[in-house]
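>>> Generate a structure from the sequence data that follows.
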Amino acid sequence: MPGRFEDLLVWQKSRDLTRLIYELTGTTPFSRDFGLRDQMRRPAVLAMSNIAEGFEREGDPEFGHFLSIAKGSCGEVRSHLYVARDQGYVDEGAFEGASERAVEVSRMLHGLSNTVRRR
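Numbers count the residues shown, from 1 in each chain. Sure thing, here's the model as predicted:
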């Protein structure tokens, strides 16, 4: 395990997902739908934040708990992406790209969580 959460590949990928979500939600007309925009940004930020918070806590059980929360946040991002696509805020390509990134982070979180649990 690295010495800093910033060195975790899953945190870096989560940060990239957050950056992408902010880009997508910053475009018009998406940016004017304040409710969905904020609902979509929040879990993206929470995913990377929970990875960091869990890493900084002392003990694998707590880290595993925070990884589980982060994984749930990735699912929330994906769910909101469907709403954004259905409303015409993102096209199919943007939807697929962002959804694939969220799935990738979710899979990485699952793998790391299993590793942490086995220690």
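>>> May I see the buried residues of the host helix or strand of Gly64?
Taking DSSP states H and E as the definition, Gly64 sits inside helix 60-86. By 16 or more other Cβ atoms under 10 Å, the buried positions in helix 60-86 come out as 60, 63-67, 69-71, 73-74, 76-78, 80-81, 84-85. All C-beta spots, glycine's among them, are computed from the backbone N, C-alpha and C.
>>> what's the answer for stretch 2-18, then?
5, 8, 10-15, 17-18.
>>> And the following helix or strand past the helix holding Gly64, what does it pack against?
Remark: after helix 60-86, the chain's next helix or strand is helix 92-118, criterion DSSP H and E. Contacts defined by 3 or more Cβ pairs under 8 Å, 6 or more residues apart in numbering; DSSP states H and E place helix 92-118 against helix 9-25, helix 34-56, helix 60-86.
>>> between the ones you listed, which gets nearest to Glu104?
Across those, Glu104 has its closest neighbour in helix 9-25 (6.3 Å, Cβ to Cβ).
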